[in-house]
Structure formats: structure tokens, C-alpha cells
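# got a predicted structure plus its sequence, pasted below:
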2 protein chains.
Amino acid sequence: VKQIMECVPNFSEGRRPEVVEAIVAPFRGKAGVKLLDWQLDADHNRSVVTVVGAPDALGAAVIAAMAVALAQIDMRRHNGAHPRMGAVDVVPFIPVKGVTMEDAVTLATAVGRQAAERFDLPVFLYEAAARRPERVNLADIRKGQFEGMPAKLQDARWRPDFGPPSVHPTAGVTAVGARMPLVAFNVNLGSDNLALARDIAARVRHINGGFRFCKAMGIALADRGQVQVSMNLTDYTRTAVYRVLETIRMEARRHGVPVVGSEIVGLVPLAALVESAAYYMGLENFAVDQILETRLDD
Amino acid sequence: VKQIMECVPNFSEGRRPEVVEAIVAPFRGKAGVKLLDWQLDADHNRSVVTVVGAPDALGAAVIAAMAVALAQIDMRRHNGAHPRMGAVDVVPFIPVKGVTMEDAVTLATAVGRQAAERFDLPVFLYEAAARRPERVNLADIRKGQFEGMPAKLQDARWRPDFGPPSVHPTAGVTAVGARMPLVAFNVNLGSDNLALARDIAARVRHINGGFRFCKAMGIALADRGQVQVSMNLTDYTRTAVYRVLETIRMEARRHGVPVVGSEIVGLVPLAALVESAAYYMGLENFAVDQILETRLDD
């Protein structure tokens, strides 16, 4: 079976398309690597790239892209709305097909070590690749941002997993990790009551007592006159999409508000959709490999 | 974009595995062709093979498999529960990816013509490949079965589309066609009332006034103490899986009977599942190419 890993590196450049074009160039026309998507966000001054490939080829291409980013981005002049700590801010590896989370951790560790050595860059391992519990959560690593990193790294608890114990002058620090695919899932309510969307978001998200792998916030869709519960589901295998949707519907019903639609933003793993279809259809014993398209390439 | 066609030839041999093994051999180890499944049914004395591939390579492999079947099967000695008219009873081509129904018709026509010339075999074109309205329905072509074909072909209306106007002595006649993928979909009811399952089947199937692309019958699941509406959905793009399921649920509710589960037998196109998931989740603007797995191979 073909092995496919995904990587979604975030680079601290969202305003110079030619720079991002140069950064993603190592993902093009390379055997075993496929660039799926890349998006610049000028407000965030950040770009998010989605690339898949055979683990070794993907790892080598990520290192090559990092080399370009480190040469082109000077964090001393960087500003943007999104929190950031380095030119290559975060490099998550995600198992897609024929690979396990353990394989993703192995690849993240190898890439983190290699990047640290080659670029003299402090690297933190996070999420499934973390070696210390306080480094599992990316936000904890990034706290203080680029400007606060020199002081933070003085603290022995924040000695990097790889690389020098001091920040790279222009590139800061980088987090390399392994995680499950995110499902960006939004549920629209037939109401313009933002407080209600925020209240329901709080009921389903982990931090307030909701589902473990659900991050949520309430937002207004001004042009539609509706509100939305906007979510990231960080492990759909344990916090299922349909379960969150039906819980939101149940909470909204209390206020006489209907769910009027939902939305998946960007890419979603097939298994996440199949699980929801199987729930609603009451499918017994359905296997993903009954889907014709999954059988075409091996 | 890669072009992938499917073919599901039915051969009139379900009791001699070594013969079927020889018939499917041309589908193995061939560039551009992939054997997905083959199943023998001894009661029916029939085997059903599922193979996919690039149109030209697939067509050539089907001709090669037909040559083996014609050499090995003598219809004069054939008996089985399933209606049949030839050693290679029926050869449907099904568009899967990067190809249209028109492409499937073109391939079916080419394979039908080539088989007729090479094997001196009468060939009828059916379903989307049919050239006359009375040949659209396979059952109409097969009526009379192998034993009745010599008399049937005397009738000018049943002159074959290709090949001689008389049956092949040992191989009878063959139907080659193009059709949409079938979805074999069963719905289980929380009742042991077979009459109810039959009644609901009649309400949803085309022949009695139901959905145009739905064939259905009621059957008993003796070991479960339940009954089932067992269906073939012959064009899921126009008769959606979820619509049939919800109609059965609605009819069963009238009798206080719940739908307790459902089942997809064999292979199903991704789009059929996605459409049902999108209905139940109220997904807005979802595209199949948001599914990560569809982006891996191009």
C-alpha cells in the first residue's frame, strides 16, 4: 500500500506572493510529492501550505522549503494579526494513508532534528511528537511570540528539543509536530443572535466542558442575517462530526432556533464524511474500501 | 486527469473455480487494468467480475477474457437459477472517473463489434448503448434465454446489432452495454412482517409508481427476525439513496415500524455517499474534491 503523509507548514509571510511562490517551489514537480494548496493571508501576514507525499520525499521537500523561507523572511520586521514565533512558524505532519501517527512522529522528529542542524535553528516538538507534556499544546510553546522568545529560552524548561538554546536572529524558533487532520466545520443557525451562537459554542467546546476534540466560537454572518458556530474538530475519530452537529441542533432547539445549514472548509478526510453518512443512514458493517474510488490506486 | 472505466462482465460459470480463474487471468498484471473483485455463485452457475482500467486497455482485456470464456463454457450443458442467454451473458461498461457515459457507449460499441467479428458471436447493445428502444432493457433482450434464442433471432426485430443473425452454437448471444453504477442498498425494518416489506418495496420501486431508478423487493431475514426492502438503485444521481431511505422510513412509520438499519452491498461510488452525507448534514457548497483522498492521485 502506498504511504501518504500530509504536511501543512505555516510560513510568516502573507504579503509578498513572489516569496511564497519561491517557498513552495520545492514542492513542485518532485516525484512522490504533491502540492495541494497554498494560501496567503495579508492581515495575518502568514501563508498556509498543504502538501502530501511519501514520507521521505515529503520530509526532504519540507527542509528545502524551509531553507527558502529562512533566507527570505526576517522576523525582526514582521508584523501581522496572527500570533507567530518564527519565519517557519509551525510544521505539522499528518498521517493520511498507509501510515500511522507513530510514522508522523518519526518524520516530524527527523525533520525537526535535520532543520535544527542545517539551519542552526531552535526546534520544539509539539502535539503527538512532544517529548514533554507542557509542549503538547502549540499555544503554550508560542506564548511570548517572536519578540518574547529570547527571554523564554533562558528558562531551562524551554530549552529547545533540537538546535541551539538561543533564538535564530532572523528566523526565531520553529515548532515541528504530528497531529490528526483538522476538520474545519461550521454550523449556521436560523437566528441573528450572536450571544446564542457564542453560548452554544461554549457548550460544545472542550475548554468549557464540551467535546474533547472540539474548538468552537460563535460568529455573526452579517450578510446572511445569521449566526454560526465555527469549529475546528481536532480528532474526528474521537469527536465525530455528526455528534457535534446533533448536539448543536439539540441546544438550538431549546431556543426555538433551527440549524439551517453547515459547511466544511477546505479539505476533509474521507473517513470523517463516511462516519457521518453511516450514522445518519444507519449503515451496518460499511467499510471505506467499499467506496469504488478508494480501490483505483494502489 | 486519469480516465477510469469499470466493467462488470457476467459469465455463465459459477461452479468450476479453475475456469473462472482462467477467465479473469487477462485482467491480472496488465498495465492500466485492475481486477477488483470476482465472485462465483453455484446456485446461479454464474460469476460476476469487477474490473477497472483505462478505456482502451480495459476493452482489450475484456475481449481476451471473453475468448477464454467462449472456449471453456458450453451453454448446451448449462443450468442455473439465474436467467442467461450466453456464455458471456452481459458486459456492461460504467463510467467512473474522467470519462462520460458517452465514452462508455463508445467503448461498449467498439468491444461489441470486435467480439462479434472475432468470435462470430451475435451481440446486442443495451441500456445507454442501445440503438433501439426495445433493447434498452436487458431483460427484454434476455427473454427466452439461451434455449429460446434460435427462434427469437428469426424475428427481424431481434437481428443482432453486430455479428451473425444466428446464435453461436455453444456461446449463445451476448449483450454489451453502458450504464450508471448500481448501488445495491438494503433497508432493514424492525418487524417480521414480510407482507409489509413487500408492500413498501412496491411503493418505492419504479414499476409500481415509485422512484424511477429504483428496483426493489421485500425479503425476510429469518435469522434476525426482521424483514428487508432489498434494492438496486440504477442511477443514484437521479434517484438519491437518502431519498429512498427516508421514503421507506416514512411509509414504515405509518405502521409503527422503525427502520433499524441499512446496508450497502459491494462497491458504491463516492458521490452517492457524499450526496447522502451532505443531505443529512445540511452541507452547503460541498465539493467532492474537498475530500483529501480524491486529491492524492492525478
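Great, that's in hand.
# ranges for the helices of the stretch 1-150 of chain A?
Listed in chain order, the helices of the stretch 1-150 of chain A (DSSP state H, counting those that start in this stretch) span A:17-24, A:55-72, A:101-119, A:138-142, A:145-154.
# between these, which one is nearest to chain B?
Each of those was checked against chain B via CB to the nearest CB, and the shortest separation belongs to helix A:55-72, namely 12.4 Å. (Each C-beta comes from the backbone N, C-alpha and C, glycine too.)
# what about that closest one, near chain B?
No - with CB under 8 Å from any CB of the partner chain as the measure, helix A:55-72 is seen stopping short of chain B, the closest distance being 12.4 Å.
# give the contact list for residue A:263.
Contacts here follow CB atoms under 8 Å, 6 or more residues apart in numbering or on different chains; on that basis residue A:263 touches A:185, A:186, A:187, A:188, B:283, B:284, B:285, B:286.
# and the first one, that one's in a strand?
Yes - residue assignment for residue A:185, taken from DSSP: H, G, I helix; E, B strand; the rest coil, places it within a strand.
# give the contact list for it.
Counting by CB under 8 Å, 6+ apart, residue A:185 touches A:231, A:232, A:233, A:241, A:244, A:245, A:262, A:263, A:264, A:265.
# now swap in the second one and tell me
Residue A:186 makes contact with A:228, A:229, A:230, A:231, A:262, A:263, A:265, according to CB under 8 Å, 6+ apart.
# rewinding a little: including pLDDT, could the contacts of residue A:185 go into TSV?
As requested, the contacts of residue A:185 are arranged in TSV below (pLDDT from 0 to 100):
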residue	pLDDT
A:231	95
A:232	95
A:233	97
A:241	98
A:244	98
A:245	98
A:262	97
A:263	94
A:264	95
A:265	90
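# for ChimeraX, what selects the buried ones among these?
Selecting only the buried entries of the contacts of residue A:185 in ChimeraX, with 16 or more other CB atoms under 10 Å in any protein chain shown as the criterion:
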select /A:231,233,241,244,245,262,263,264
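# now, which of the contacts of residue A:263 sits nearest residue B:14?
Proximity of those to residue B:14 (CB to CB) peaks at residue B:286, which lies at 41.3 Å.
# nearest residue to that closest one other than its sequence neighbours?
Once flanking residues are discounted, residue B:286 sits nearest to residue B:278: 5.2 Å by CB to CB, 6 or more residues apart in numbering or on different chains.
# tell me if that neighbour really is in a strand.
No - with three-state DSSP as the criterion, residue B:278 is helix rather than part of a strand.
# burial check on it, number of neighbours?
Applying other CB atoms under 10 Å in any protein chain shown, we find 21 other residues in the vicinity of residue B:278.
# what does residue A:30 give?
One way to gauge burial is a neighbour count; for residue A:30, by other CB under 10 Å, it gives 17.
# what residues are up against the residue nearest to it when sequence neighbours are not counted?
Of all residues not flanking residue A:30 in the chain, residue A:61 sits nearest, at 5.7 Å (CB to CB, 6+ apart). Residue A:61 makes contact with A:26, A:27, A:30, A:33, A:51, A:53, according to CB under 8 Å, 6+ apart.
# return the distance of residue A:239 relative to residue A:136.
17 Å (CB to CB, to the nearest Å).
# mind checking how far the closest residue to residue A:169 other than its chain neighbours is from residue A:46?
Distances taken as CB to CB, 6+ apart put residue A:76 closest to residue A:169, at 7.7 Å, once the chain neighbours are dropped. For residue A:76, the distance to residue A:46 under the criterion CB to CB works out to 16 Å.
# ok, residue A:128 next?
Separation of residue A:128 from residue A:46 (CB to CB) stands at 23 Å.
# same thing with residue A:202?
Residue A:202 sits 27 Å away from residue A:46, going by CB to CB.
# try residue A:87
Plainly put, residue A:87 is 11 Å away from residue A:46 if you go by CB to CB.
# equivalent analysis for residue A:208, please.
Distance check for residue A:208 against residue A:46: by CB to CB, it reads 27 Å.
# the more surrounded of the two?
Summary of the neighbour comparison: residue A:208 and residue A:46, criterion other CB under 10 Å, with residue A:46 having more neighbours (23 against 11).
# list the contacts for that one?
Contact criterion CB under 8 Å, 6+ apart gives A:10, A:11, A:12, A:13, A:14, A:40, A:80, A:82, A:84, A:89 as the residues in contact with residue A:46.
# now intersect the contacts of residue A:185 with the helices, please.
In helices, defined here by DSSP state H, the members of these are A:241, A:244, A:245.
# so which of these are also by chain B?
When CB under 8 Å from any CB is taken as the criterion, the members of those that contact chain B are A:241, A:245.
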